[in-house]
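Asks: give the three-dimensional model of this entry:
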Amino acid sequence: MPPIHRNRHRTRNRTLSLILLACALVACNRQAPELPTAVDKTPTPKEDPNGIGTVEVAPDAAFVGPAIDDRGDLVTRQYDFATGTTVYVSVPTKGRKIGDRMEVFWFHQDGRLRKDEHKKIAGPFTAFEFQPSEAGKYNVEVDVNNQPIALVEFEVK
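Replies: Numbering: from 1, shown residues only. Have a look, this model is predicted:
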């Protein structure tokens, strides 16, 4: 009988050794901590559910005034007008192609469009005119090939 007793201890020792080895392997098989990654600080444009986006325009892309010269450039810049006065918006066209479509939209402070028109670029300036009949603040949006390039504000008193 002594040989049988020895085999039981060997079997138990082997089983315990295998269990300890399995536990050690499981404990050592952890993944290393995740290394930090670079943070992208570039702002992502927020999309509006109505499809409205933000556009940046150059501050010197268009100007308003009471008169233009024969090239379409403003004689003087002005941002306050009397009711019934003709207001001109002049857009320097340097860097744009002759024949590109330029369009303007004249908005009143109530948000309603008062006038829109378009022309083909034909020289160093493209000018448009509007004679507001209502007092209030106005915005003139200028687009080239359906892309906004300028927004000018003025007031009619």
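Asks: how about low-confidence regions in the protein?
Replies: Scanning the chain for pLDDT under 70 picks out 1-13, 15-18, 20-53.
Asks: any chance you could map the helices in it?
Replies: Ranges of helices in the chain, per DSSP state H, are 2-28.
Asks: quick one, domains of it?
Replies: What the record gives for the chain is the domain set 1-31, 63-156, from automatic domain parsing.
Asks: ranking those domains by mean neighbour count, which comes first?
Replies: domain 63-156 (a mean of 15; mean count of other CB atoms under 10 Å). Any C-beta I mention is one placed from the backbone N, CA and C, and that applies to glycine too.
Asks: quick one on the thing from earlier: ok, which of the domains of the chain comes nearest Val57?
Replies: Proximity to Val57 (CB to CB) singles out domain 63-156 among those, at 5.2 Å.
Asks: isn't Ala61 right up against Gln147?
Replies: No. Here Ala61 does not reach Gln147: they are 11.4 Å apart, not a contact under CB atoms under 8 Å.
Asks: possible to save the domains of the chain as CSV with distance to Glu56?
Replies: As requested, these are arranged in CSV below (distance: least, CB to CB, whole Å):
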stretch, distance to Glu56
domain 1-31, 45
domain 63-156, 9
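Asks: hey, what's Tyr88 bridged with?
Replies: Gly65, Glu129 (DSSP bridges).
Asks: so where do the strands sit in this structure?
Replies: Ranges of strands within the chain are 63-65, 80-81, 87-92, 101-108, 113-120, 125-130, 136-144, 147-156, based on DSSP state E.
Asks: turn the ones you listed into JSON lines, columns for distance to Leu74.
Replies: What follows is those, written out as JSON lines (distance: least, CB to CB, whole Å):
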{"stretch": "strand 63-65", "distance to Leu74": "4"}
{"stretch": "strand 80-81", "distance to Leu74": "13"}
{"stretch": "strand 87-92", "distance to Leu74": "5"}
{"stretch": "strand 101-108", "distance to Leu74": "14"}
{"stretch": "strand 113-120", "distance to Leu74": "16"}
{"stretch": "strand 125-130", "distance to Leu74": "8"}
{"stretch": "strand 136-144", "distance to Leu74": "13"}
{"stretch": "strand 147-156", "distance to Leu74": "11"}
